[in-house]
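> quick check, what structure comes out for this input:
(chains A and B, ligands or ions: 2)
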Amino acid sequence: MTVEELTNINSLINRIDPRVKIIEVFFFSIVVAVSNSLPVLLSALIISLGIILTAGIPAREIFRRLVPVNIMIIFLWFFLPFTTEGKPLFNIGTLAVTHEGLIYALRISIKSNAMMLMLISLIASTPIFTLGHAMLELKMPRKLVHLFFFTYRYIHVMDKEYIRLINAIKMRGFRPGTNLHTYRTFAYIVGMLLIKSFDRMQRVRNAMLCRGFKGNFYTIRNFSFKKIDVISIALMIAILIVLGIMEWTKITYSSI
Amino acid sequence: MDKNNLLINLTDISFSYPGEPEILDKLNLQFSRNEKIGLMGPNGSGKTTLFHIIMGLLKPMSGNIEIFGKSIREEKDFIDVRMRIGLLFQDADDQLFSPTVLEDVAFGPLNLGKSKDEAIDIARKTLEFLDLAGFEDRITYKLSGGEKRLVSLATVLAMEPEILLLDEPTTGLDEKTKTKIKKTLRELDLSYILISHEFDLLSEITDSIYTMDKGKIIFDKEVHLHEHVHAHPHGSYSHEHK
Ligand SMILES: Nc1ncnc2c1ncn2[C@@H]1O[C@H](COP(=O)(O)OP(=O)(O)OP(=O)(O)O)[C@@H](O)[C@H]1O
Ligand SMILES: [Mg+2]
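Numbering: from 1, shown residues only, chains lettered A, B, ... in the order given. Ligands and ions are numbered 1, 2, ... in the order given. Got it, this is the predicted structure:
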């Protein structure tokens, strides 16, 4: 199981107040989302790479978490370069690849990865209860926080259930092939996964109710503003200001 | 029976899962303070279901539930009930949902309104009480089956409930752990209902044994009449002499 694994890493970043983490990720993402110049985006990517390296998260985990986003991005690369209007660079068959299209796809790729990396390094190192608690502290709507919490919690449940099912069929010597038996088995697995996960969710909910859960998140971790929080906020503000100035003044070769 | 000491009073509870035949059929149960009762019954007879009804996790089709002298009807009535009754789930996997042991054990006390420090303190003491000191930072889903069960018990005890509902607390445990649980239950001066298929266990730590049969609870036997039970390792099914 990997969903909560990263929360035990004892790194500097892990000690930042979760409220601070959320706010930092939030503003970083906004700045990256609205920026357009490639140098700014590249800098953002490099910064988030730098941060994730100090977070002590194993490289394998980082890659694993980047895969889903980048699968989406690969699809974008299949059509954005061809469908965006602009100066044709070269042709693939009858389709013209445009300069603008390439830049557009590149921008999206960099933006998504930079945001993901920042998210992984700051949020993935925070236990879910703590995160939920921090979100409530930040006055986010309770419904939204619950939605977030239970989505997360239940993804975890489904993942566990999936592993159980896979183990169960492996134990009985199942080997996938291209035959009806394989397809039927996979159909069963998907069906059972949904049903069993639903059942499990009910059980998690019951367990929480039985222990007096009334919709409040408490956490035993301390929320306190420490020196590291001040430092990290100062750093983040500095980063965002520099990125903002770069973007705004286009002091770099703005033609890219 | 003294009215003030009547903790749980179920009358004519009927229940069925959607599209299934009735599992509980006009069931009655009176449970008083300081009682320690055992509940037996074949697999699928509805014992777990009964516990879930008491906790308000399932709603009976008909019948009355009175707990701590109050008629319990709606979800909000059960909130108070759940603070005062601790349910140990049959499947320990159902019980633990926080990443670390300490967080899971502290979850209940926090919900009871304890401060963070108090909750941690209670959690640590409870773990210690169950000889689980050192488990604080273990990841809950990586514990062994028996460890999960002990931690589950800790999560329940940490809430300092007045009543324990124990759903097969010793199934799958080794003798040493079983003894530990028995000892714990004896030491704690609590009222409890204990579901188990082990007659020996029930005769050791409960005062009377009830059986679930055809959707009803029937009084089976006073345990002290059966000091000879250890000669009958197969439990109550093998000696039905009333
Ligand atoms: N979620 C459910 N939906 C439908 N039927 C259920 C559900 N849970 C249990 N049942 C059925 O209700 C009956 C009673 O189940 P219950 O778990 O209460 O039995 P039990 O007495 O605790 O059995 P065991 O000794 O095996 O734990 C069983 O026949 C079971 O198949
Ligand atoms: Mg049961």
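> going forward, measure contacts and count neighbours with C-alpha atoms only.
Will do.
> neighbouring contacts of the strand or helix carrying A:Ser43?
Taking DSSP states H and E as the criterion, A:Ser43 maps to helix A:38-54. By Cα atoms under 8 Å, 6 or more residues apart in numbering or on different chains, the list of residues contacting helix A:38-54 from outside reads A:11-13, A:32, A:35, A:107, A:110-111, A:113-115, A:117-118, A:120-121, A:243, A:246-247, A:252, A:256.
> pull out the buried members of those residues.
A:13, A:32, A:35, A:107, A:110-111, A:113-115, A:117-118, A:120-121, A:243, A:246-247 (16 or more other Cα atoms under 10 Å in any protein chain shown).
> tell me the least confident of the residues you listed?
Within the buried ones among the contacts of helix A:38-54, A:Ile13 has the lowest pLDDT, namely 78.
> got the residues of chain B near chain A?
Residues of chain B lying close to chain A by Cα under 8 Å from any Cα of the partner chain are B:55, B:57, B:79, B:82-83, B:86-87, B:94-99, B:103, B:106-108, B:110-112, B:116-117, B:119-120, B:156, B:159.
> would you mind giving me the PyMOL syntax to select the buried ones in these?
Only the buried entries of these go into this PyMOL selection, using 16+ other Cα under 10 Å:
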select buried, chain B and resi 55+57+79+82+83+86+87+94+95+96+97+98+99+103+106+107+108+110+111+112+116+119+120+156+159
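> what about chain B: which of the buried ones among the contacts of helix A:38-54 touch it?
Answer for the buried ones among the contacts of helix A:38-54 near chain B: none qualify (Cα under 8 Å from any Cα).
> inside helices: which ones of those?
A:32, A:107, A:110-111, A:113-115, A:117-118, A:120-121, A:243, A:246-247 (DSSP state H).
> turn those into CSV, including distance to B:Gly215.
What follows is those, written out as CSV (distance: Cα to Cα, whole Å):
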residue, distance to B:Gly215
A:Val32, 63
A:Arg107, 66
A:Ile110, 63
A:Lys111, 62
A:Asn113, 59
A:Ala114, 60
A:Met115, 57
A:Leu117, 57
A:Met118, 57
A:Ile120, 52
A:Ser121, 55
A:Leu243, 70
A:Met246, 75
A:Glu247, 73
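> and which of these is nearest to B:Asn9?
Nearest to B:Asn9 out of those is A:Ile120 (Cα to Cα; 51.8 Å).
> was I right about B:Leu29 contacting B:Asn9?
Yes. Assessed by Cα atoms under 8 Å, B:Leu29 is found in contact with B:Asn9 at 5.8 Å.
> which residues do those two both contact?
Between them, B:Leu29 and B:Asn9 share no contacting residue, judged by Cα under 8 Å, 6+ apart.
> filter the contacts of helix A:38-54 down to the ones near ligand 1?
Of the residues in these, proximity to ligand 1 by Cα under 6 Å from any ligand atom holds for none.
> lowest-confidence helix or strand of chain B?
Lowest by mean pLDDT, DSSP states H and E among the helices and strands of chain B is strand B:216-222, with a mean of 79.
> so what does that one touch, helix or strand wise?
Applying 3 or more Cα pairs under 8 Å, 6 or more residues apart in numbering or on different chains; DSSP states H and E, we find strand B:216-222 packed against strand B:24-32, strand B:208-213.
> and the angle from the longest one to strand B:208-213?
Angular relation of strand B:24-32 and strand B:208-213 on a 0 to 180 degree scale: 170 degrees, by axes from the mean of the first three to the mean of the last three Cα atoms, to 10 degrees.
> sort out which residues of strand B:24-32 are buried, please.
B:24-29, B:31-32.
> got the CA positions of it in PDB?
Provided in PDB are the C-alpha atoms of strand B:24-32 (Å, rounded to 0.1, in the frame of the first residue of the first chain):
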ATOM      1  CA  LEU B  24     -34.500 -10.900  13.700                       C
ATOM      2  CA  ASP B  25     -38.100 -11.700  14.500                       C
ATOM      3  CA  LYS B  26     -39.700  -9.800  17.400                       C
ATOM      4  CA  LEU B  27     -36.500 -10.100  19.400                       C
ATOM      5  CA  ASN B  28     -36.400  -9.100  23.000                       C
ATOM      6  CA  LEU B  29     -33.300  -8.300  25.000                       C
ATOM      7  CA  GLN B  30     -32.900  -6.800  28.500                       C
ATOM      8  CA  PHE B  31     -29.400  -6.000  29.500                       C
ATOM      9  CA  SER B  32     -28.600  -4.500  32.900                       C
END
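> could you point out which element follows that strand?
Downstream of strand B:24-32 (by DSSP H and E), the next one is strand B:36-40.
> any idea how far the following helix or strand past that next one is from the middle of the chain?
Counting by DSSP H and E, the next helix or strand C-terminal to strand B:36-40 is helix B:47-54. Counting by Cα atoms, centre = their mean, to the nearest Å, helix B:47-54 is centred 10 Å from the centre of its parent chain.
> next SSE downstream of the helix holding A:Ser43?
Scanning forward in sequence from helix A:38-54 by DSSP H and E, the next helix or strand is helix A:59-83.
> and that following helix, what does it pack against?
Secondary-structure packing of helix A:59-83 (3+ Cα pairs under 8 Å, 6+ apart): strand A:95-98, helix A:99-123.
> up against ligand 1, what does chain B have?
So far as Cα under 6 Å from any ligand atom goes, chain B lies against ligand 1 at B:17, B:42-49.
> tell me which stretches of chain B form strands.
B:6-15, B:24-32, B:36-40, B:62-67, B:70-71, B:85-88, B:163-167, B:191-195, B:208-213, B:216-222 (DSSP state E).
> not counting the third one itself, show me its contacts.
Contacts with strand B:36-40, where a contact means Cα under 8 Å, 6+ apart, come from B:47, B:190-197, B:202, B:205-212.
> give me that answer again for 6 Å
Contact with strand B:36-40 is made by B:191-197, B:202, B:206-211, as judged by Cα atoms under 6 Å, 6 or more residues apart in numbering or on different chains.
> that strand to strand B:163-167, inter-axis angle?
Using the same axes, to 10 degrees: strand B:36-40 against strand B:163-167 is 20 degrees.
> I'd like the distance from strand B:36-40 to the chain centre, please.
Worked out by Cα atoms, centre = their mean, strand B:36-40 lies 10 Å from the chain centre.
> cool, and the fourth one?
For strand B:62-67, the gap between its own C-alpha mean and the chain's C-alpha mean amounts to 18 Å (Cα atoms, centre = their mean).
> next: the longest one.
Once both centres are worked out by Cα atoms, centre = their mean, strand B:6-15 turns out to sit 16 Å from its chain's centre.
> could you check the angle helix B:47-54 makes with it?
110 degrees.
> what is strand B:6-15 packed up against?
If contacts are counted by 3 or more Cα pairs under 6 Å, 6 or more residues apart in numbering or on different chains; DSSP states H and E, strand B:6-15 sits against strand B:24-32, strand B:62-67.
> which residues sit against that strand?
B:22-33, B:60-68.
> pull the CA atoms of it into CSV?
Output of strand B:6-15 as CSV, limited to C-alpha atoms (Å, rounded to 0.1, in the frame of the first residue of the first chain):
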residue,chain,number,x,y,z
LEU,B,6,-31.6,-1.4,32.7
LEU,B,7,-29.0,-0.3,30.1
ILE,B,8,-30.4,-1.8,26.9
ASN,B,9,-34.0,-2.7,26.5
LEU,B,10,-35.0,-4.1,23.1
THR,B,11,-38.6,-5.0,22.5
ASP,B,12,-40.0,-6.8,19.5
ILE,B,13,-37.2,-5.9,17.1
SER,B,14,-37.7,-7.3,13.7
PHE,B,15,-35.1,-6.9,10.9
